[in-house]
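Participant: structural data only, the sequence is not supplied:
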């Protein structure tokens, strides 16, 4: 890394990614030699922008929005006044829980590049919504050529509208609570309340496309089955039978045999043997939506914005505007309390 110092303003201006071994000047030209190859010379201020030693770098810089520092704000949108849009923008706050989000989508409006501040992507609770509970027996029936219905034990709390997360229960909670001969449903229901100690199995609602695996991994903070290939679940909910429909045909190929392997792997990872588990084992169902779409608003006392631009591109930034408002619970200094 190279740090640049201005002899005019007598302060440090910026950092560069290239590493020279030494510099020389020839008239008004500056020439340097890369540390990796001191026999190769590089003439600066020629060729593409932010390109050094035949390597193109993505220029970036950061700004902080810190108006009214004592107030807790909700950040809604920002705009850039400049010659071109950035390739990406990342946002972060450090008040209470750390929050972060990012975007690479901008609209040009009235000469400015505009984007909403995406929702907080680090809050997994906002991305997961409880649907209801089915049983392991429903999965087994489907795999044995029977019904493809996942019957819910009660009316759904919400209708699934995203990827589906199926949790196995925690082995530490239920391993000693029942056996294949003696099932205590009360113990199973109690164990159901602590589903997050189990292992998630991820599905998605479609008969084509791919699962946003990185988003699901962030949402459940653990190992996810399946990882490759993804399985698919029909989005349709049948209110008459109170059930969801299984569909494991991917690109015309039936991959239902992979389903039981994923369930067995998840159960074994929490210390449970699939062969000895009764059909009554509850399997909680959750709908998963991308946190950047369904999460909570970014909030904090200040927000840091990291902007990155395309390599070898010329750009100028004149101003960055942030749209924000105070939270309803804000009681910063200067208010009448």
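Facilitator: Here it is on my side, so go on. Just so you know, these numbers come straight off a predicted model, no measurement behind them.
Participant: could you list which residues are in contact with residue 81?
Facilitator: 111, 112, 317, 318, 319, 320, 321 (C-beta atoms under 8 Å, 6 or more residues apart in numbering). In short, each C-beta sits where N, CA and C put it, glycine included.
Participant: roughly how far apart are it and residue 111?
Facilitator: 7 Å (C-beta to C-beta, to the nearest Å).
Participant: just to revisit the earlier point, just the buried members of the contacts of residue 81?
Facilitator: By neighbour count, with 16 or more other C-beta atoms under 10 Å, the contacts of residue 81 hold 112, 317, 320 as buried.
Participant: bridging residues for the last one?
Facilitator: Residue 320 forms beta bridges with residue 80, as assigned by DSSP bridges.
Participant: again, but for the first one
Facilitator: With DSSP bridges as the criterion, the beta-bridge partners of residue 112 are residue 109.
Participant: ok, back up a step: which one of the buried ones among the contacts of residue 81 is nearest residue 103?
Facilitator: residue 320 (14.1 Å; C-beta to C-beta).
Participant: now do the same contact list for the closest one.
Facilitator: So residue 320 contacts 63, 78, 79, 80, 81, 305 (C-beta under 8 Å, 6+ apart).
Participant: out of the residues you listed, which is most surrounded?
Facilitator: Highest neighbour count within the contacts of residue 320: residue 78, with 25 neighbours (other C-beta atoms under 10 Å).
Participant: ok, the closest residue to that residue other than its chain neighbours to residue 132 distance?
Facilitator: Leaving out its chain neighbours, the residue that sits closest to residue 78 by C-beta to C-beta, 6 or more residues apart in numbering is residue 322, at 4.8 Å. Computed as C-beta to C-beta, the residue 322 to residue 132 distance reads 41 Å.
Participant: ok, the residue nearest to residue 78 - how many residues close by?
Facilitator: Around residue 322 there are 19 residues (other C-beta under 10 Å).
Participant: ok, it touching residue 68?
Facilitator: No - contact status for residue 322 versus residue 68: not in contact, 11.8 Å apart, counting by C-beta atoms under 8 Å.
Participant: any common contacting residues for these two?
Facilitator: With C-beta under 8 Å, 6+ apart, residue 322 and residue 68 have no common neighbours.
Participant: could you dump the contacts of residue 320 to a markdown table with distance to residue 312 and pLDDT?
Facilitator: Rendered in a markdown table, the data for those read as follows (distance: C-beta to C-beta, whole Å; pLDDT from 0 to 100):
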| residue | distance to residue 312 | pLDDT |
| --- | --- | --- |
| 63 | 23 | 91 |
| 78 | 25 | 90 |
| 79 | 25 | 92 |
| 80 | 19 | 93 |
| 81 | 22 | 93 |
| 305 | 23 | 92 |
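Participant: from those residues, which two are the most distant?
Facilitator: Farthest pair in the contacts of residue 320, by C-beta to C-beta: 81 and 305, 14.0 Å.
Participant: can you list the contacts of residue 320 in JSON lines and add distance to residue 138?
Facilitator: As requested, those are exported to JSON lines (distance: C-beta to C-beta, whole Å):
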{"residue": "63", "distance to residue 138": "53"}
{"residue": "78", "distance to residue 138": "47"}
{"residue": "79", "distance to residue 138": "50"}
{"residue": "80", "distance to residue 138": "51"}
{"residue": "81", "distance to residue 138": "57"}
{"residue": "305", "distance to residue 138": "47"}
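Participant: which of those lies closest to residue 287?
Facilitator: Looking across the contacts of residue 320 and measuring by C-beta to C-beta, the closest to residue 287 is residue 78, at 30.0 Å.
Participant: I'd assumed the closest one was in a strand, is it?
Facilitator: Yes - residue state for residue 78 (DSSP: H, G, I helix; E, B strand; the rest coil) corresponds to a strand.
Participant: from residue 324, how far off is it?
Facilitator: Relative to residue 324, and taking C-beta to C-beta, residue 78 is found at 9 Å.
Participant: which neighbours do the two have in common?
Facilitator: residue 65.
Participant: regarding residue 261, which helix or strand does it belong to?
Facilitator: Taking DSSP states H and E as the criterion, residue 261 maps to helix 256-269.
Participant: other SSEs contacting the next helix or strand after that helix?
Facilitator: Where DSSP H and E defines the elements, the next helix or strand beyond helix 256-269 is strand 282-288. On a contact count with 3 or more C-beta pairs under 8 Å, 6 or more residues apart in numbering; DSSP states H and E, strand 282-288 meets strand 128-135, helix 136-143, strand 163-167, helix 185-192, helix 213-220.
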